[in-house]
Structure formats: C-alpha cells, structure tokens
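A.B. asks: My questions concern the predicted model and sequence given below.
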Amino acid sequence: MPHLDAIVIHCQQPAALAGFYAELLGLPVAAADVAAIEAGTLGEDESVLLGSRDALHVWLTPVRELEPAPGRIHLDVRLDAIGDLDRLITLGATRQWDGSKGRWTVLADPEGNLFCAMYPAH
C-alpha cells in the first residue's frame, strides 16, 4: 500500500534553511550534508536531507523560481507547550496571523513558506 515516504520543501537556499527545519522538526541534518554545508561544497542544485531515508524524512530541495507563498508546502507542527511558539520565532519564523478560535498560529519560515503552529490541547 502506498505510504508517505518524504516531505519535500522547495526553497532557494537549502543550506541556510537546514538548521531552521532541523530544529523545528527535530530531525537531524544528514551527516554528509552537514559536512558539505560546513565545507562549502554543497552544490547549488543539491538537496539537504533531514532525518534518515529509512524513516519519514524531509528534503530541502533547491528550485530556481519559487511558487508564490503559500503554495510551496504546508506543515502543521504540534507545539508541546505555549512557550514553543517563542522558540520558533527565535529560530527565524515570523508570525503571520492567528487561526480560528485560537487553536493555531500561522508562521512563515525564513524564506516565506507558511506553516501552522498547533497549540497543545488544554
């Protein structure tokens, strides 16, 4: 049966977004990609892998032209505590608007991709 294998986020600078999404999603940047980023050898057409290919993982994939935001991807991220929202903003996310009934806040990553921060259940 088909199943979700990976999430692909289109962006212009995968190396620059790698740390943001690694922290946001709790997925480490693959060791080979960390080495390439640190050495400055990640090719301009190369993706960055977050997590492991043997489990659900995320690709930060470069594209020459981005679709207007939103439309590149949409993630829902469940917060463990209300203070996690401030942590996301410290990482580089920017608050866009609050969702209905105060259940989520729409944020943008550093390149403008929108995602929802879902508040913990009371």
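C.D. replies: Sure, I can see it. Keep in mind that what you see is a predicted model, and the values were worked out from it rather than measured.

A.B. asks: Quick check: Glu44 is in a helix.
C.D. replies: No: Glu44 sits outside any helix when classified using DSSP: H, G, I helix; E, B strand; the rest coil, being coil.

A.B. asks: I'd guessed it sits against Pro62; true?
C.D. replies: Yes: at 6.5 Å, Glu44 and Pro62 qualify as touching, with contact defined as Cβ atoms under 8 Å. Quick note: C-beta positions are derived from backbone N, CA and C, even for glycine.

A.B. asks: Look at these two and report which has more neighbours.
C.D. replies: Using other Cβ atoms under 10 Å as the criterion, Glu44 and Pro62 rank with Pro62 on top: 18 against 10.

A.B. asks: Check what pLDDT that one gets.
C.D. replies: Per-residue pLDDT puts Pro62 at 90.

A.B. asks: Look up the closest residue to it, ignoring the ones flanking it.
C.D. replies: In this structure, Pro62 finds its nearest non-sequential neighbour in Pro14, 5.5 Å apart by Cβ to Cβ, 6 or more residues apart in numbering.
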